[in-house]
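Asker: need a structure here:
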Amino acid sequence: MKLGLQLGYWSAQPPQGVGDLVAAAEDAGFDAIFTAEAWGSDAFTPLAWWGRETSKVRLGTSIVQMSGRTPASIAMHALTLDHLSGGRVVLGMGVSGPQVVEGWYGVPFSKPLARTREVVSIIRQVLAREAPVTNDGPHHPLPYNGPGAVGLGKPLKPIVHPLRADLPIWLGAEGPKNVAQTAEIADGWIPIFYTPKSAGMYQPWLDEGFARPGARRTRADFEIAATCHLQVVENAEQKQRVIEAMKPFVSLYMGGMGAKEQNFHTQLFTRMGYGDLAARVQQRFLAGDRAGAAALVPDELVDDMHIIGTPAEVKERAATWEASGVTTLMLSLRSPEEIRRAADLLA
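Answerer: As a prediction, this is how the structure comes out:
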């Protein structure tokens, strides 16, 4: 199991000291660094900025929101950064949710599975550079001849010869159909809230995708990159403080990251067996009682979702994540010292 540093997306201001974290991750032997985006900072720019001082770690997006750019634009970002980094890019993408897609990007959210398939197909055509890129699908037709078109669209190949036609594409996916499609068409999967206890739920979905005709990968060469917070503590009291500090983040996704009518994270927690809890957390969160929502989150759920414990416990817990099928563990760590300690423990 490889280690990745999850840098995430920015909050109100750019974070400080990230360059030191990235340098420590490379020096400590981490396999990759990852950046994310929501509706503020983008994923590509920080990756290029902080990645310029690296020479070994892979540079991954976890994740790029597909609706924020056309497929060809995403491919341009990826092939450009892949050249600049000497072939170290991992392109992680996801569909986001209707509140962001329709409220922030101003485009329809409908049929996310079909849209994902078209996006991946177009990007692979760009990277292969075997012929002018075309797409007959309804979501991203190329060339475009719909309303407002002047009729002069021309299929094109990228001017730049991509460094790698097989640049890895990983997809963020939560539901059964999305996970199965990810196993069919992608090189890796970026689950959210994957835990060793929930790993069994996903296996039939993955197997369905691997079994489809023309599936790109098998389980043997398919990446599963799960994110968790890792923190070493000295005793049970310290562990409890960390767990309490993590509860607001769990309740945010369980109840606040999406509309009441359609929240993929709430649905995922329901599939994990926390349906009643998710409903109550969502009710309090949407009513403005964020503290009350966080207080409902049980200790054992936070403990299952993250790796928090003494050095011996951290090593034991990390082994259970690896045994569950995780190939890359993306860790949120706050200092170079934490990075070095994690690397030493999990080497």
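
Asker: tell me how far residue 175 lies from residue 226.
Answerer: As for residue 175, its distance to residue 226 is 17 Å (criterion: CB to CB, to the nearest Å). C-beta here means a position set from N, CA and C on the backbone, and glycine is covered the same way.

Asker: who has more neighbours, the two?
Answerer: More neighbours surround residue 226 than the other of residue 175 and residue 226, with 26 against 15 (other CB atoms under 10 Å).

Asker: show me what secondary structure element comes after the helix or strand hosting that one.
Answerer: Element membership for residue 226, per DSSP states H and E: strand 223-232. Using DSSP H and E, the helix or strand that directly follows strand 223-232 along the chain is helix 236-251.

Asker: give me the buried positions along that following helix.
Answerer: Buried residues in helix 236-251, counted by 16 or more other CB atoms under 10 Å: 239, 242-243, 246-251.

Asker: looking at these, which is nearest residue 142?
Answerer: Checking the buried residues of helix 236-251 against residue 142 with CB to CB, the nearest one is residue 249 at 39.4 Å.

Asker: how confident was the prediction at the closest one?
Answerer: For residue 249, the model assigns a pLDDT of 87.

Asker: let me see the contact set for residue 323.
Answerer: Counting by CB atoms under 8 Å, 6 or more residues apart in numbering, residue 323 makes contact with residue 196.

Asker: about what we covered before: in a markdown table: the buried residues of helix 236-251, plus distance to residue 305.
Answerer: Output for the buried residues of helix 236-251, formatted as a markdown table (distance: CB to CB, whole Å):
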| residue | distance to residue 305 |
| --- | --- |
| 239 | 14 |
| 242 | 12 |
| 243 | 10 |
| 246 | 8 |
| 247 | 11 |
| 248 | 13 |
| 249 | 9 |
| 250 | 7 |
| 251 | 12 |
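
Asker: now, the most widely separated pair of the residues you listed?
Answerer: Maximum distance among the buried residues of helix 236-251 (CB to CB): 19.1 Å, for 239 and 251.

Asker: now do the domain split for this structure, please.
Answerer: Using automatic domain parsing, the domain parsing of the chain gives 2-230+311-346, 234-309.

Asker: for the closest residue to residue 94 other than its chain neighbours, give its distance to residue 340.
Answerer: Nearest non-adjacent residue to residue 94, counting by CB to CB, 6 or more residues apart in numbering: residue 172, 3.2 Å away. Applying CB to CB, one obtains 29 Å for the distance of residue 172 from residue 340.

Asker: so for those two, which sits in the more crowded spot?
Answerer: residue 172 (25 against 16).

Asker: got a list of what the residue nearest to residue 176 when sequence neighbours are not counted touches?
Answerer: Distances taken as CB to CB, 6+ apart place residue 205 nearest to residue 176, at 4.7 Å, with adjacent residues excluded. For residue 205, the contact set (CB under 8 Å, 6+ apart) comprises 176, 179-180, 183.

Asker: I'd like to know which of the residues you listed are buried.
Answerer: With burial judged by 16+ other CB under 10 Å, the buried subset of the contacts of residue 205 is 179-180, 183.

Asker: using the three-state scheme, assign residue 269.
Answerer: Under DSSP: H, G, I helix; E, B strand; the rest coil, residue 269 falls in the helix class.

Asker: count of residues packed around the residue nearest to it when sequence neighbours are not counted?
Answerer: In this structure, residue 269 finds its nearest non-sequential neighbour in residue 278, 4.3 Å apart by CB to CB, 6+ apart. Neighbour count for residue 278, taken as other CB under 10 Å: 23.

Asker: could you say what helices and strands the host helix or strand of residue 48 packs with?
Answerer: Taking DSSP H and E as the definition, residue 48 sits inside helix 44-51. With contacts defined as 3 or more CB pairs under 8 Å, 6 or more residues apart in numbering; DSSP states H and E, helix 44-51 has these neighbours: helix 18-27, strand 32-35, strand 58-61, helix 71-85.

Asker: let me have these in CSV, extended by mean neighbour count and distance to residue 301.
Answerer: As requested, the helices and strands packed on helix 44-51 are exported to CSV (neighbours: other CB atoms under 10 Å; distance: least, CB to CB, whole Å):
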stretch, mean neighbour count, distance to residue 301
helix 18-27, 18, 27
strand 32-35, 27, 24
strand 58-61, 26, 27
helix 71-85, 20, 34
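
Asker: would you turn the ones you listed into TSV with mean pLDDT and distance to residue 232?
Answerer: Formatted as TSV, the helices and strands packed on helix 44-51 follow (pLDDT from 0 to 100; distance: least, CB to CB, whole Å):
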stretch	mean pLDDT	distance to residue 232
helix 18-27	98	15
strand 32-35	98	20
strand 58-61	98	24
helix 71-85	98	31
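
Asker: great, nothing more from me.
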